[in-house]
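Engineer: 3D, please:
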Amino acid sequence: MLFNSIEFLVFFAIVFAIYYFPPLQKVQVPILIIASFIFYSWSAPALLLLLLLSIIINATVSFQVARISDKKQRFFWALSGVVLNVLILSLFKYAGLLTNFVADVFNIARTEGSLAYLFLKLPLPIGISFYTFEGISLIVDVLTQKDKSETESNAYVSPNFTQHLLNTSFFISFLPNLLSGPILKSKRFYPQIVPKYFKDIPGNFIFRSLVVGYFLKMVIADNLKDYIAFIRKMRYHVTDLNEVKNIVIAQLGEKMEPSIERAC
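Structural biologist: Below you'll find the model as predicted:
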């Protein structure tokens, strides 16, 4: 589901109306989590399982890091969480490449049903780099803040695991950033998980960004991409969708993240 598709416009209009419906204000976070899951699984529902696995791992590890008082145990939990995240990312991003290399060196058959064939057929989940590194950033942020001040770490790690799991689900699956980044920082995101009000939406900014973003995407970038090959190597076609993404973030009441290096 692309930001400039009719499906997304209809989908977002429905989510927007439900999100700001006054009687549902207390469940705004669950509404956006469900919307993010639908958005992510729109084309490949099975890949939602991997996103859910990432959320559970990072919520559990960060909660343990914030709860445990022993420094060595905190470091063990944090290191285990980071390693697990990297292993999952490496499996889906590089298993095929490594399998081909090993199969060529040792002359291993890639017949259907073999382990090599299975690795070669692993899908590359869209956005896996972004939500994996967001999970790692959460663990590292909680660890560093815990080492500095227990009060600071508890500021965005709820003492209730269910609430922390809910907040982490929101953080990792936040739909405007889920597929294209940038990587969010938990210490900036978690304090913003508060009720949002329709009256606080920056209307002028949204209208201006909407016009600019869709113009750059649908008028300029879409018409140039078939004629100028090198345009794909420039940031011009990325900027337009970032404008649209920033509009979605603003309409949902969140503050935009400053420029952060993007994951590949």
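Engineer: C-alpha from now on. contacts and neighbour counts both.
Structural biologist: Fine.
Engineer: what about this protein, any weak spots by pLDDT?
Structural biologist: 1, 103-104, 106, 109-110, 113-117, 147-155, 179-181, 225-264 (pLDDT under 70).
Engineer: give me that answer again for 90
Structural biologist: 1-9, 12, 25, 40-47, 67-71, 90-130, 144-159, 174-264 (pLDDT under 90).
Engineer: for it, what's the longest helix?
Structural biologist: Looking across the chain with DSSP state H, the single longest helix is helix 71-106.
Engineer: Who are the packing partners of it?
Structural biologist: For helix 71-106, the packing partners by 3 or more C-alpha pairs under 8 Å, 6 or more residues apart in numbering; DSSP states H and E come out as helix 48-67, helix 115-120, helix 128-148.
Engineer: Ranking those by mean neighbour count, which comes first?
Structural biologist: Across the helices and strands packed on helix 71-106, averaging neighbours per residue (mean count of other C-alpha atoms under 10 Å) puts helix 128-148 on top, at a mean of 22.
Engineer: about what we covered before: nearest to residue 160, of the helices and strands packed on helix 71-106?
Structural biologist: helix 48-67 (9.0 Å; C-alpha to C-alpha).
Engineer: what sits up against the closest one?
Structural biologist: For helix 48-67, contacts defined as C-alpha atoms under 8 Å, 6 or more residues apart in numbering pick out 37, 40-41, 73-75, 77-78, 81, 85, 128, 131-132, 135-136, 138-139, 142-143, 146, 150, 153-154, 157, 159, 161, 164-165, 168-169, 172-173.
Engineer: check contacts around the residue lying farthest from the centre of the chain.
Structural biologist: Residue farthest from the centre of the chain, counting by C-alpha atoms, centre = their mean, is residue 107 at 38.6 Å. By C-alpha under 8 Å, 6+ apart, residue 107 lies in contact with nothing.
Engineer: Relative to residue 101, how far out is it?
Structural biologist: Separation of residue 107 from residue 101 (C-alpha to C-alpha, to the nearest Å): 10 Å.
Engineer: can you check residue 192 too?
Structural biologist: Counting by C-alpha to C-alpha, the gap from residue 192 to residue 101 is 46 Å.
Engineer: contacting residues for the residue found closest to residue 191 once you drop the neighbours it is linked to in the chain?
Structural biologist: Take residue 191 and drop its neighbours on the chain: the residue closest to it by C-alpha to C-alpha, 6 or more residues apart in numbering is residue 156, 6.4 Å away. Counting by C-alpha under 8 Å, 6+ apart, residue 156 touches 186-187, 190-191.
Engineer: so how far is residue 20 from residue 199?
Structural biologist: In terms of C-alpha to C-alpha, residue 199 sits 10 Å off from residue 20.
Engineer: In terms of neighbours, single out the busier of those two.
Structural biologist: Using other C-alpha atoms under 10 Å, the more surrounded residue of residue 199 and residue 20 is residue 20, with 18 against 8.
Engineer: thinking again about what came up before, name the residues of the longest helix of the chain that come out as buried.
Structural biologist: 74-75, 77-79, 81-82, 84-85, 89, 92-93, 95-96, 99-100 (16 or more other C-alpha atoms under 10 Å).
Engineer: what about it, distance to the chain center?
Structural biologist: Mean-position distance between helix 71-106 and its chain equals 19 Å (C-alpha atoms, centre = their mean, to the nearest Å).
Engineer: same check, this time on stretch 28-36
Structural biologist: With C-alpha atoms, centre = their mean, you get 14 Å for stretch 28-36.
Engineer: Check which residues of that stretch are buried.
Structural biologist: For stretch 28-36, the neighbour count (16+ other C-alpha under 10 Å) marks 28-29, 31-36 as buried.
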